[in-house]
Structure formats: structure tokens, C-alpha cells
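Visitor: This is the structure alone, sequence omitted:
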């Protein structure tokens, strides 16, 4: 008994194998984990197939969610860029009446006040330079065919030298920011 107390307990399989080996004969060690019946094997295969199908379903769902998120992110970025452009156009639109007033002042300049005229011209050129730096362009109208996307007709007049539908005069300049019209040109059109 003292021998049993000092000796560590070994699993039964190991003890059986040692005792069989100690007897000099070849004993089979039966490993229960390796001995699986056909029914158990089929059940394991079924569970594996279910796990693989769930895994594929989860992967598909994850990929769809990721694609939806990327589409959402792109849509938000596009909307933010559009909003920023619209705000920029609204701010630029506030300066256009100032340019109109400066153009009218320069068109009706007095002949005596040369310093005054050169100061107004300087302010006018600087304002046009700022708008040009922002990407604002004038809409060319005189002699062009009337385009309702670019022009706003205020009158139609019979005029010699112009074909019907051509712009004969600009009453108020129109401006574009990139491809977007921020203010159409107010024009008179040949009848």
C-alpha cells in the first residue's frame, strides 16, 4: 500500500498499456476519441456543413454591410461637397450686384475726375480677380444663340444684323461657377 500512495495515479489507458507492455505481449490500446461510429461521423459531418453554411451566410452579410457602408460614406461625401459648392455659390452671388454697380459707374464716368475713375477701375479689377480665383466665369451672351439654361430673356426685338433667337444685348451679366450657373444673363433677344 505504501507503494500505491507514493506512486502517482496514471490514466487507465496508460496503466493498461504499461501493464500489457510489461507482460511482454502486444496489447491494443483502445482510444475512445478515435473510435467513432458511422452515425456519429455522419452527425459530425452534418454539423460541419451547418457551421460552414452559417459561416458563409455571416461572411455574405458582413460583405453586404461593408458595401452598404462604403456607399453611404461616398453618398455623404458627395452631399457634403455639393452643399459646400452651393454655399460658395450663394456667397459669390452676394458680390455680383456690387460688380453690376461698379460696371454702371464705369460706364457713366465723369470726364473730370480721373483719380476717382482709376480708383473705381482698380476696385473693379480686384473684385473680378477674386471671382476668377474662385472659378467664377462670365457667361458670354452677345451674338450667341439664346439658351434658356444660360440666359434670361427680358425682351424680344426686331433688329437688323442678327438672326432670330440671337442675343443682341446684355442687360445684366450672368456668371457660372464651374459648370453651374449661379446667375443667368439677362438679355434682349432678336425676334
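Guide: Cool, the structure landed. None of these values were measured; they are calculated from a predicted model.

Visitor: Helices along this protein, start to end?
Guide: Ranges of helices in the chain, per DSSP state H, are 2-6, 12-22, 38-93, 96-107, 114-133.

Visitor: Does anything pack onto the third one? Which helices or strands?
Guide: Read that as helix 38-93. Other helices and strands packing on helix 38-93, by 3 or more Cβ pairs under 8 Å, 6 or more residues apart in numbering; DSSP states H and E, are strand 175-177, strand 180-183. For every residue, glycine as well, the C-beta is placed using N, CA and C.

Visitor: and the gap between the spatially most central residue of the chain and residue 180?
Guide: Nearest to the geometric centre of the chain sits residue 74, at 3.1 Å (Cα atoms, centre = their mean). Distance from residue 74 to residue 180, counting by Cβ to Cβ, to the nearest Å: 21 Å.

Visitor: just residue 79 next, same as before
Guide: From residue 79 to residue 180 the distance is 16 Å (Cβ to Cβ).

Visitor: out of those two, which sits in the busier spot?
Guide: With other Cβ atoms under 10 Å as the criterion, residue 79 and residue 180 differ in neighbour count, and residue 180 comes out ahead with 13 against 10.

Visitor: measure the more buried one to residue 165 for me?
Guide: From residue 180 to residue 165 the distance is 24 Å (Cβ to Cβ).

Visitor: pLDDT weak spots in the protein?
Guide: Along the chain, segments meeting pLDDT under 70 span 1-35, 113.

Visitor: Contacts only, for residue 126.
Guide: With contact set as Cβ atoms under 8 Å, 6 or more residues apart in numbering, residue 126 has no partners.

Visitor: Residue 109: what's its closest spatial neighbour, skipping adjacent residues?
Guide: Nearest residue to residue 109, sequence neighbours excluded (Cβ to Cβ, 6 or more residues apart in numbering): residue 117, at 4.8 Å.

Visitor: Is that neighbour in contact with residue 107, as I believe?
Guide: No - in this structure, residue 117 is not within contact of residue 107 by Cβ atoms under 8 Å, at 11.3 Å.

Visitor: neighbour-wise, which of the two wins?
Guide: Set side by side, residue 117 and residue 107 show more neighbours around residue 117, with 15 against 7, by other Cβ under 10 Å.

Visitor: mind listing what the more buried one touches?
Guide: Applying Cβ under 8 Å, 6+ apart, the residues near residue 117 are 106, 109, 110.

Visitor: what sits against the first one?
Guide: Looking back up the chat, that one is residue 106. By Cβ under 8 Å, 6+ apart, residue 106 lies in contact with 117, 120, 121, 124.
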